[in-house]
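Peer 1: sequence and predicted model, in that order:
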Number of protein chains: 2
Amino acid sequence: MKKLNKELSVVDDQLSRIFAALADPTRRDIVARLAVGDATVGELAEPYDVSLQAVSKHIKVLTDAGLVSRSRDAQRRPCHLEAEVFDLMTKWIERYRQRAQERYERLDAVLAEMRGEERTDDTPEQG
Amino acid sequence: MKKLNKELSVVDDQLSRIFAALADPTRRDIVARLAVGDATVGELAEPYDVSLQAVSKHIKVLTDAGLVSRSRDAQRRPCHLEAEVFDLMTKWIERYRQRAQERYERLDAVLAEMRGEERTDDTPEQG
DNA sequence: TCCTTCCTCAACCACATGGTTGACAACGGG
DNA sequence: CCCGTTGTCAACCATGTGGTTGAGGAAGGA
């Protein structure tokens, strides 16, 4: 039963890009500022001590993840935060957070039961 | 106004570790399985085509991020999913998703208004 | 047309990361 | 006590990532 069919569905792939994009504090900061309002690369770069090119790269990572879209306004290329993509993340998170939470609550019940009975099974179904 | 005070607060640091941990599909898969029930490294490694050591490393990344805790049961070191840490993420996400969503909805209103009036302001307050 | 502004591309560098293999530590069963 | 089971540590390797600098494209303004 080796070699789990790792065809890396598109959603899975995007999820990876989103999480990876948000793993960087600078990029999270940029997202935070874009939540307030659209901004150009230059404006976004201004508070940081790094080159404009570095910030441009961060923006690219964010756009590749679908978190940011670009438009054109003369020479400017304003960045816009795409809120919908967050849903993909929250859906993923909520699914497992809930399961884990339920399991945790069930554990309480089990522990209460165990005080009077005996344990037969160790690991719940898995796969 | 350069050099944003980048002291990388503890929360920020953990947030980075959490997002980075979940950026890997294998680790997300492990989290998914741990949501169903606790498991040992060996059990977790079984479906994959990689060495046990590689999976052990993944587990280490997850524990360092606070997503997984370990216990001891004879030679076994079962992995347990820590659901609370998810809250840190969802809180961060929700904050900016909401802002962006509100901004988006406000845009609708503005566009509707624009059909009858004239525009004076372009970019909402920012900073 | 030439210049300026805004931004991206390309090459490079240091370091992090995911994988490997080999050694070995921790624990319980004979 | 020795052995098997379970898992980690250490060293190594290939690739990815965030940063740099330099060159240059795209779009107006003079």
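Peer 2: Here it is on my side, so go on. Residues are numbered from 1 along each chain as shown, chains lettered A, B, ... in the order given.
Peer 1: can you tell me the element residue A:48 falls in?
Peer 2: Of the helices and strands defined by DSSP states H and E, none includes residue A:48.
Peer 1: and residue A:57, how far from residue A:72?
Peer 2: Distance of residue A:57 to residue A:72, given as C-beta to C-beta, to the nearest Å: 20 Å. C-betas here are computed from N, CA, C, even on glycine.
Peer 1: get me the contact residues on chain A for DNA strand C.
Peer 2: Proximity of chain A to DNA strand C is confined to A:40-43, A:52-53, A:56, A:59-60, A:70, A:75-78 under the rule C-beta under 7 Å from any atom of the strand.
Peer 1: check which residues of stretch A:63-80 are buried.
Peer 2: A:63, A:65, A:67-68, A:78-80 (16 or more other C-beta atoms under 10 Å in any protein chain shown).
Peer 1: same deal with stretch A:11-24?
Peer 2: Going by neighbour count (16+ other C-beta under 10 Å), the buried part of stretch A:11-24 is A:14-24.
Peer 1: burial count for the residue lying closest to residue A:93 once chain neighbours are set aside?
Peer 2: Nearest residue to residue A:93 in three dimensions, chain neighbours excluded: residue B:86, at 5.5 Å (C-beta to C-beta, 6 or more residues apart in numbering or on different chains). Residue B:86 has 21 neighbours, counted by other C-beta atoms under 10 Å in any protein chain shown.
Peer 1: which SSE is residue B:86 in?
Peer 2: Going by DSSP H and E, residue B:86 is in helix B:84-114.
Peer 1: may I see the buried residues of that helix?
Peer 2: Buried residues in helix B:84-114, counted by 16+ other C-beta under 10 Å: B:85-86, B:89, B:92-93, B:96-97, B:99-101, B:103.
Peer 1: cool, stretch A:37-56 as well?
Peer 2: For stretch A:37-56, a neighbour-count test (16+ other C-beta under 10 Å) marks A:37-41, A:43-45, A:47-48, A:55 as buried.
Peer 1: narrow these to those in helices?
Peer 2: A:41, A:43-45, A:55 (DSSP state H).
Peer 1: if I look at the closest residue to residue A:90 other than its chain neighbours, how far off is DNA strand D?
Peer 2: Closest residue to residue A:90 apart from its sequence neighbours, by C-beta to C-beta, 6+ apart: residue B:93 at 5.9 Å. Per C-beta to the nearest atom of the strand, to the nearest Å, residue B:93 is found 18 Å from DNA strand D.
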